[in-house]
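Undergrad: what's the 3D shape of this:
(chains A, B, C and D)
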Protein chains: 2
Amino acid sequence: MGLTKSTIFTVEQNKLAILFKVLGHPARIAVLQYIISQKACICNDLVEELGLAQATISQHLKELKSIGIIQGTIEGKSVCYCIDEKVWKKIQEEFDAFFNQEVKVTMCWA
Amino acid sequence: MGLTKSTIFTVEQNKLAILFKVLGHPARIAVLQYIISQKACICNDLVEELGLAQATISQHLKELKSIGIIQGTIEGKSVCYCIDEKVWKKIQEEFDAFFNQEVKVTMCWA
DNA sequence: TTTATATATCGTAATATTGCGATATTAAAC
DNA sequence: GTTTAATATCGCAATATTACGATATATAAA
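TA: Numbers count the residues shown, from 1 in each chain, chains lettered A, B, ... in the order given. Modelled structure (predicted):
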């Protein structure tokens, strides 16, 4: 099937999963880290840095933009990408809330 | 192609991406939350709770086990799944380290 | 106006993921 | 031993993802 049954889960579960999913590719991790290290960059920088085709980088940038974690602004004939700090922090908070759920382990094998 | 070019990224980037990827499905989020709420559970509980087929749940459990975030121990004819608290915290720390990289935003459009 | 540059999008092939029925395996219960 | 129950695995179909060449678009430079 290959089709996730989104309807049987809560909106929160689906949203959280999408955030994780978008970050779940090494190229997108690398893109984020490169943008951070350079403060900002253009698509072509990433093509040279990562060694993926321009179309591929553009696609990854689109996915990152879809969750708002990066933002692109037109600058002449190129597009300047940078981290959206607000969204970055919000995602961090959401992940933190998830990981700080009560994990009271009653050792089930003890 | 559909094949991630893992070789062009660092080991750390690949590892981090895999952690995110495994968490990037609502069923697996739901499984973790249910295990937490019940302290521990068996596969069949999840089948009834989530409404996915037993084979599907078993597969998701396998993926969660692959990153060590849950652990299953045989108890008679069933398997008791619970959170591996150590791994849980380690993953949380790794995510935190990622999100706490310097995000000094020099507004590129300013 | 032509040319060069940067990016987005389209189309497509290869591979991965999701989900489930069927079946195997294993252990308890009878 | 037979039956019941719980889970894992296999095999498959449907869909999604990844990657890239080709092409469209848009701006700067010449």
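
Undergrad: Low-confidence bits of chain A, can you list those?
TA: Chain A contains residues with pLDDT under 70 at A:102-110.

Undergrad: let's go with 80 and repeat that
TA: Within chain A, the stretches with pLDDT under 80 are A:1-2, A:102-110.

Undergrad: In contact with the spatially most central residue of it, which residues are there?
TA: With distances taken as Cα atoms, centre = their mean, chain A has residue A:23 as the residue nearest its mean C-alpha position (3.9 Å). By Cβ atoms under 8 Å, 6 or more residues apart in numbering or on different chains, the contact set of residue A:23 is A:29, A:32, B:17, B:20, B:24. C-beta here means a position set from N, CA and C on the backbone, and glycine is covered the same way.

Undergrad: Quick check on it: phi, psi?
TA: Phi and psi for residue A:23, reported as degrees, to the nearest 10, are phi -80, psi -10.

Undergrad: one step back: can you tell me which of the contacts of residue A:23 is nearest residue B:97?
TA: Nearest to residue B:97 among those, counting by Cβ to Cβ, is residue A:29 at 12.3 Å.

Undergrad: how close does the closest one sit to DNA strand D?
TA: For residue A:29, the distance to DNA strand D (Cβ to the nearest atom of the strand, to the nearest Å) stands at 11 Å.

Undergrad: Touching, that residue and residue B:16? I think so.
TA: Yes: counting by Cβ atoms under 8 Å, residue A:29 touches residue B:16, with 5.6 Å between them.

Undergrad: Spit out the residues that contact those two alike.
TA: Contact criterion Cβ under 8 Å, 6+ apart; residues bridging residue A:29 and residue B:16 by contacting each: residue B:98.

Undergrad: Pull the most distant pair out of the contacts of residue A:23.
TA: Farthest apart among the contacts of residue A:23 by Cβ to Cβ are A:32 and B:24. That separation is 15.4 Å.

Undergrad: Please tell me how far whichever residue of chain A sits closest to DNA strand D sits from residue A:56.
TA: Nearest to DNA strand D in chain A, going by Cβ to the nearest atom of the strand, is residue A:2, at a distance of 2.4 Å. According to Cβ to Cβ, to the nearest Å, residue A:2 stands 21 Å off from residue A:56.

Undergrad: Residue A:97 now?
TA: Residue A:97 is 33 Å from residue A:56, where distance means Cβ to Cβ.

Undergrad: Mind giving me the packing neighbours of the longest helix along chain A?
TA: Under DSSP state H, the helix in chain A containing the largest number of residues is helix A:85-99. Applying 3 or more Cβ pairs under 8 Å, 6 or more residues apart in numbering or on different chains; DSSP states H and E, we find helix A:85-99 packed against helix A:11-23, helix B:85-99.
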